[in-house]
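# Need coordinates for the following:
(6 chains, ligands or ions: 6)
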Amino acid sequence: MKDRLAYAKTTISPRRAAELRAEIESFHVEYCAALDANDVERWPDFFSQEATYRVTSRQNALLNMPVGLIYCEGLDMIIDRALAVAHSQMFAPRHMLHVLGIARVLQETGNTISSQTPFILMQTLVEGPSTVHLAGVYHDRFVREGERLLLASREVIHDTEILDTALAYPV
Amino acid sequence: MKDRLAYAKTTISPRRAAELRAEIESFHVEYCAALDANDVERWPDFFSQEATYRVTSRQNALLNMPVGLIYCEGLDMIIDRALAVAHSQMFAPRHMLHVLGIARVLQETGNTISSQTPFILMQTLVEGPSTVHLAGVYHDRFVREGERLLLASREVIHDTEILDTALAYPV
Amino acid sequence: MKDRLAYAKTTISPRRAAELRAEIESFHVEYCAALDANDVERWPDFFSQEATYRVTSRQNALLNMPVGLIYCEGLDMIIDRALAVAHSQMFAPRHMLHVLGIARVLQETGNTISSQTPFILMQTLVEGPSTVHLAGVYHDRFVREGERLLLASREVIHDTEILDTALAYPV
Amino acid sequence: MYQSQAVIGITNARKNPPLEQCVWPADAMNNIPDWVYTSQAIYDQEIERIFRGDTWNFVALEAEIPNPGDYKRGYVGATAVVIVRAEDHTISVFENRCAHRGAEFCRASQGNTKEFVCPYHQWSYDLKGNLQGVPFKRGINKVGGMPADFKNADHGTRQLRVATRNGVVFATYSDKTPPLEEYMTQEIVEEFDVPFSGKKLKILGYCRNELPCNWKMYHENLKDPYHATLLHSFLVVFGLLVPGIKSIVFADKAHGRHGFMASAKPDEIYATVADDDKAQMRSFSDNLRLRDERFLDYVREFKSPWSANMMTMWPNLIVQRQMNTMGVRQIIPNGPNSMVMQWTMFGYEDDTPEMTRHRLRQGNLMGPAGFLGLEDNEALKFVQEGLRNSSTDNNVVKLDAGHQGTARNLISESCIRSLYQYYRDVMDIRVAEKAA
Amino acid sequence: MYQSQAVIGITNARKNPPLEQCVWPADAMNNIPDWVYTSQAIYDQEIERIFRGDTWNFVALEAEIPNPGDYKRGYVGATAVVIVRAEDHTISVFENRCAHRGAEFCRASQGNTKEFVCPYHQWSYDLKGNLQGVPFKRGINKVGGMPADFKNADHGTRQLRVATRNGVVFATYSDKTPPLEEYMTQEIVEEFDVPFSGKKLKILGYCRNELPCNWKMYHENLKDPYHATLLHSFLVVFGLLVPGIKSIVFADKAHGRHGFMASAKPDEIYATVADDDKAQMRSFSDNLRLRDERFLDYVREFKSPWSANMMTMWPNLIVQRQMNTMGVRQIIPNGPNSMVMQWTMFGYEDDTPEMTRHRLRQGNLMGPAGFLGLEDNEALKFVQEGLRNSSTDNNVVKLDAGHQGTARNLISESCIRSLYQYYRDVMDIRVAEKAA
Amino acid sequence: MYQSQAVIGITNARKNPPLEQCVWPADAMNNIPDWVYTSQAIYDQEIERIFRGDTWNFVALEAEIPNPGDYKRGYVGATAVVIVRAEDHTISVFENRCAHRGAEFCRASQGNTKEFVCPYHQWSYDLKGNLQGVPFKRGINKVGGMPADFKNADHGTRQLRVATRNGVVFATYSDKTPPLEEYMTQEIVEEFDVPFSGKKLKILGYCRNELPCNWKMYHENLKDPYHATLLHSFLVVFGLLVPGIKSIVFADKAHGRHGFMASAKPDEIYATVADDDKAQMRSFSDNLRLRDERFLDYVREFKSPWSANMMTMWPNLIVQRQMNTMGVRQIIPNGPNSMVMQWTMFGYEDDTPEMTRHRLRQGNLMGPAGFLGLEDNEALKFVQEGLRNSSTDNNVVKLDAGHQGTARNLISESCIRSLYQYYRDVMDIRVAEKAA
Ligand code: FES
Ligand code: FES
Ligand code: FES
Ligand SMILES: [Fe+3]
Ligand SMILES: [Fe+3]
Ligand SMILES: [Fe+3]
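Numbering: from 1, shown residues only, chains lettered A, B, ... in the order given. Ligands and ions are numbered 1, 2, ... in the order given. I've put the predicted structure just below:
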């Protein structure tokens, strides 16, 4: 992971990058809208069958540590996570809000697109203020399925090195 | 309002969504630039004659409560608000800054476009730090007037359940 | 500078604005990715030979004060700054993250494009939370060099009127 | 910025004296010392003697919890409670703290439930706050579990006494608090009954903000007609409260702690003000005109001489009625330098849709973005900042000197004086001897 | 929201008494007063008597600093230290404070270095924390500089005593702390040696979160099998800890301060629970089924009767072993109302890539987003909030009353009782007389 | 992160002792105890005895308020004041607190006005802070209003004494503060007059940052030439302050509280440093070279032996002159663990545009992003963190031991020693007896 955090020039033409950015942004808005509506059961819909998903700190990523706050290999684990969050886990109610910066398209090879998108995740507890819960970057690899993009891999690399209490929902 | 907070798939083709997103973003940048320049008297220019405008918490929206921190029916009320803020209300000077995420286009029917856009509103008081004043989502309905989009309805649904002191300017 | 902070209508067609916004966003993502990877030595690559760069508060800008937290005239000074930050200055390690809002294209004249883009700069110290370090607006003038845009001038006008400790990296 | 996150702190310790140093200046009627607003020790004593003393604290409107099992989170003073309607339709108020290890078990703002289950070890409470179930109370296979003498009845939540009047719910920690109506006093009951006549309420929504000021400033603000006619352009220009109209600032006759500030708007939209008076009022402007005058329509829905009445009921309730916009506001004290305000806006169940919209439009006057509300919030913040940062430490309340309690003139601080006379008594604060 | 930024504060001063008011209730075994968790004075004394007392504090794993010059920042109690491996391969722990003017000189989380140089005036320290170089110590051209009697040896960092066992590093401020194994006691050593057998560890990563609760609650949580079988659906449904399986909650025999909670998972994936017991357990659900059951694979890699063992070593270490996911957690106390938890996840150097991935997959159980971990974090937060905001101020620990220390039944608070008996002693806290 | 929002708190109460426990170590000249920087009680006393004592506090430059009616917000110590130029061109300084109910009435950073009107009840003050108007002072129709004996003259703002020298404005709370020049002492006046010769200033801009350190550390930093030659690569490599150049650290002869650190840059751009000295200085690098050397151009605009002079005037002013970049910095104390720094950069009215740009380019050295400034800010933060988190609690100042006050060598802490000798006196802090 460490090398993916180093700056590398994109290998893609500006025009194509703009087209793909539009597509990726269309993906992002749906993904975030579903999560921000607390509709976590839809979250697996955005992943491909073999997808991996991980949330980890920038410190871990820089040290090439493989651990994840959330660590999923394959859609089944992603679905298990979604169902646990939706139905069996105990945590206080909250509003989540994803605010994304501009997507950076890195590469396109065949069916696969890779990109990075900075995000701020705001959390609001009952009766509470809105606080920055995590800030970081989505490191994504998408595959095209028909008209849609699906995530083949999302690494949520958060700068935040001390988490406030807990992370209830996926990011 | 509650149902509008639930996640629903968009009914619009990805290509058309991208075109409309570009238009909406052009609208957003002007709207925010005017407000961030504290030029509140221009604020009504972004609304249609019959426009409604409301600022309310996500909690209210989820409970289908109609109340608004600011609640305007029609352009005249919007102008009255703008003039009061600009000329007669007493409050301390401050900088406001709107930082918007990516616009999500939901629907296009005839002249009307609906969309959602997450925002973070930063406030900076004299000699002060920049703090998250509100975080939330614009739920918008636009109408096309010639080349321009105008707001037929903007519901500013903020996650923030406890406001810091007061809200001086529209959002 | 004060007049550039006042709201002025753009002089550019919506279609052209959308095209240029895509270009500018492609510029922004590279600029921010390099800085967020702490790769400050690449930072001068984004400027033209005669470029100026300044970081100053909105208060200074409103008072037409010329001072800058960072003040560079010409690429050589920009390179000197980059090298000093990269190699000789003493400061604690940190993660920086730029999250940008939507770019507003103001003008295009010949080779030159001017625009404004709001930003939130997050800082994360070792073992620390992610905090809003600066919030403000990039006031940019770009020149086209071949396929690329380069900054002829970037004024980083931050709302934040009290800075937390220090600003180690350029913005 | 929230108070707890203020980057620049209090000037120094002189603003935060211990109790024994809190002695009121000798000319007690005309002065208020800063420490009333800034001392932690004073605040701590207020929680004990006032919010947990012989007072009725507003906690909810019945319309928020109309059905059995309906509940909402709330506060008495700064203490978290739950307000619930039981199967028998009575309302209970109890602390939001599990009797086992202390968890704040009720986490949702509001909802409907059959019981409360503490998440940590799933002790369950009935809708009155009584301990109902302790899982594995007798252990597993008779090993472990509670001792034989453990009685659920000894381990309920802390339950408060409850009183309601016409749909408004109050709670008290004390066994000695007199009956609600006696506590309120007759005139307050009468004015209270104008919006709360027993007619069914319809909740229109909520709002919550932090005010970086001491909680008592909010009371003073509503016993202070002087500010109203000076600070608020909207009150002045639209004749809602100007010299010459009929108005009153009332303090209850028993203690001077409750009160109201009421006025009777004339029929004209724009106020006629004597030139002499205009000259005194910088917020008056002949240019302030509305494009949408529906905003000022006043539907006379009550038999009351007052078109507007802002009532304060000690220690934590404000009942707001300004033309046709109505609401209750609850003061939650939050340390000496902060308070939280919870607003509940309402109309009536039989309002037409247009009447509801009318109330909502007029609602623009109030709340933290309201034409009036914004200004009060800002002003109170300025006051607390002034106290926190200064070397001086006294406040002057000499308007209408020599009078205390109810006044029919606007240029009076008589009700603030009566409030603090009562306050010194309940807080047992000594007054300095007059210098010889 | 981080605790320091909480918008709504503590209810009042009664929650923060001075030491002399801290008297334990007479029925000491069955009650815990709130001030144990909320008093600043108590916290201050804990730092002195516990974290800087005769205790071994976890600071690092040797695998984090395998080579000479490797270092990492760390904490003993709330005090910042550096943990370093010197050229002679020994490990040193010293305060991260320059002996000159006090700068916290080591700023990077971890790294490799030949020496530590304070940024301010570049005093340099060797890898054991001894002062090595003072620039211009003899001045320039013999003018200025240190006096002749200045000895580097008198100006090193504050160095702590260090002990290690099988790759785990501990430090102590006290000269009187007994040898590590004696301090641990025999049974704890035995269980400790299961994951730490001397086999080389492989660090899998880190995590850090703030918990807005008193640090002792985390100890209690792991001496509390009652919550485990009630709060955690995943433990219950997948039979990791349910009534009927073999389990133990153990307290060390010397002081009852260390302990562990261990269980032996049966081979089935889904638990079989008696209907009677099911009825007590709201978190049990026959519907919770996994699509990817690899998650519950249990590779029996140790000779141990326990498939899971959560061990607490006083005052700041948790060793976590749940099937094949392993980690250490360090408690950093942070005032009475907050603690920081630092997690280090690990496997073994000889793990196959698939075994590593298996551990990572099972890691979803733990940590601040873990299927179990999330729930504990939330629950502990609820408890501290309950204490902070209530008027009541007592907690009840009566399960399995009359017993202290080790229990083989789940419905017991016996180990919490023994912990606080020890705690009263080391903190020198008085118990109130029984009323006559 | 701002200090008030720090997630990890102070280690324990030993860092925050009450006054009576604040006893200086016996070897007072060579040691500084931590509580000087971390005790709230010490801070409170500093506000009273120093910032409100017999001192002249910097508040503004006259060039900021050149015209009648010009004003700006400011601070004396931690207390908010307004600095105003009246119609008679004199300058007044008064507290930003309304005499009525205490509102901080002046809300804009700077501006021009004819009077100050408090927003809450519109009491108005003239440009000298005298109460001018009380609306409805005589009531309405003679009802209400102020009592007959109410005199505006008794209800002005708290006004401070003001002194200016060559365009720099100072204020004092005390009647006993000696005249400004006497207070400054002769040598300080002379150096002060170099940039402030009476030539008209041109303000170039502002900057404000919070430093999470005690305010006195900033004074020490500028009485500490040792750090300058070690911490700052730019000073060293470009020969701005290196062994071998002419330099001085000066302490005023009367009290040792004011001072300056000055140096005379040779003409070469890059420093020549003896190899011996280089070896001591890790920040020296032969590789650091500039591409734009205009940055180091030095226009000799003053008759002064010093190309750079950093002057500290007790208690809150720094005058910065480094080649051609100039500024004043005001220290605002903000509790023991924080200070705010306000920077005002300036040139002269008759500067050419190119000279202005030259100053701005050189301004990159200073400020919170400056090549030097960044490093000092970071270092001071490290120091406060070190003090807050350690178990040890002493600081050593033994360089050039036996000397106090002015030194011509760089490897000296003599001026820090003289400062604290003065400080102990004004604060009335006892020194421990030497052990027998
Ligand atoms: S804390 Fe509520 S059940 Fe244990
Ligand atoms: S503070 Fe470390 S060398 Fe001076
Ligand atoms: S507080 Fe200033 S006029 Fe009343
Ligand atoms: Fe008001
Ligand atoms: Fe648990
Ligand atoms: Fe320096």
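
# Can you show me the strands along chain A?
A:47-57, A:70-73, A:94-100, A:104-109, A:112-125, A:130-145, A:148-158, A:163-164 (DSSP state E).

# just the stretch 1-150 of chain D next, same as before
Under the criterion DSSP state E, counting those that start in this stretch, the stretch 1-150 of chain D contains strands at D:31-33, D:57-61, D:70-76, D:79-85, D:91-95, D:110-112, D:116-117, D:124-125, D:131-133.

# and of these, who's closest to chain C?
Comparing the strands of the stretch 1-150 of chain D by their distance to chain C (C-beta to the nearest C-beta), the top pick is strand D:79-85, with 25.8 Å. (Glycine included, C-beta is placed from N, CA and C.)

# Now tell me what touches the closest one from outside.
With C-beta atoms under 8 Å, 6 or more residues apart in numbering or on different chains as the test, strand D:79-85 has contacts from D:51-52, D:59-60, D:62, D:64-75, D:91-97, D:104, D:106, D:116, D:127-129, D:160, D:169, D:171, E:11, E:385-386, E:389-391.

# what about burial for these, which qualify?
The neighbour count (16 or more other C-beta atoms under 10 Å in any protein chain shown) marks D:51-52, D:59-60, D:62, D:64-65, D:70-75, D:91-97, D:104, D:106, D:116, D:127-129, D:160, D:169, D:171, E:11, E:385-386, E:389-391 as buried among the contacts of strand D:79-85.

# coming back round to it: go through the strands of chain A and pick out the most buried.
Compared across the strands of chain A, strand A:163-164 shows the largest average neighbour count, a mean of 24 (mean count of other C-beta atoms under 10 Å in any protein chain shown).

# From the centre of chain A, give me the residue that's furthest out.
Centroid-distance maximum for chain A: A:Glu127 at 27.1 Å, with C-alpha atoms, centre = their mean.

# Not counting residues beside it along the chain, what's closest to that one?
Nearest in space to A:Glu127, with sequence neighbours left out and distances taken as C-beta to C-beta, 6 or more residues apart in numbering or on different chains, is B:Glu161 at 5.4 Å.

# Next one: the residue farthest from the centre of chain A, what pLDDT does it get?
A:Glu127 is assigned 95 on the pLDDT scale.

# for chain D, what helix or strand is lowest in average pLDDT?
Across the helices and strands of chain D, mean pLDDT, DSSP states H and E gives its lowest value to helix D:275-280, namely a mean of 84.

# tell me the contacts of the closest residue in space to D:Gly156 that isn't next to it in sequence?
Nearest residue to D:Gly156, sequence neighbours excluded (C-beta to C-beta, 6+ apart): D:Asn130, at 4.5 Å. The contact partners of D:Asn130, taken as C-beta under 8 Å, 6+ apart, are D:152-153, D:156-157, D:159.

# How about D:Ile429?
By C-beta under 8 Å, 6+ apart, the contact list for D:Ile429 reads D:22-24, D:423.

# And the residue of chain D most remote from its centre, how close does it get to E:Asn409?
Here chain D reaches farthest from its C-alpha mean at D:Asn141, the gap being 52.7 Å by C-alpha atoms, centre = their mean. Per C-beta to C-beta, to the nearest Å, D:Asn141 is found 8 Å from E:Asn409.

# per-residue confidence for the spatially closest residue to D:Arg294 that is not a sequence neighbour?
For D:Arg294, ignoring the flanking residues on the chain, the nearest one in space by C-beta to C-beta, 6+ apart is D:Arg361 at 6.3 Å. At D:Arg361, the model reports a pLDDT of 97.

# so D:Arg361 sits in a helix?
Yes: the assignment for D:Arg361 (DSSP: H, G, I helix; E, B strand; the rest coil) places it in a helix.

# and it, how many neighbours?
22 (other C-beta atoms under 10 Å in any protein chain shown).

# tell me the contacts of it?
Here D:Arg361 is in contact with B:71, B:73, B:77, D:294-295 (criterion: C-beta under 8 Å, 6+ apart).

# Which positions in chain A make contact with ligand 3?
Listed as neighbours of ligand 3 in chain A under the rule C-beta under 6 Å from any ligand atom: no residues.

# contacting residues around the residue nearest to D:Gly259 when sequence neighbours are not counted?
With sequence-adjacent residues excluded and distances taken as C-beta to C-beta, 6+ apart, D:Gly259 is closest to D:Ala251, at 4.5 Å. Counting by C-beta under 8 Å, 6+ apart, D:Ala251 touches D:223, D:257-259, D:404-406, D:414-415, D:418-419.

# ok, now with 7 Å
D:259, D:405-406, D:415, D:418 (C-beta atoms under 7 Å, 6 or more residues apart in numbering or on different chains).
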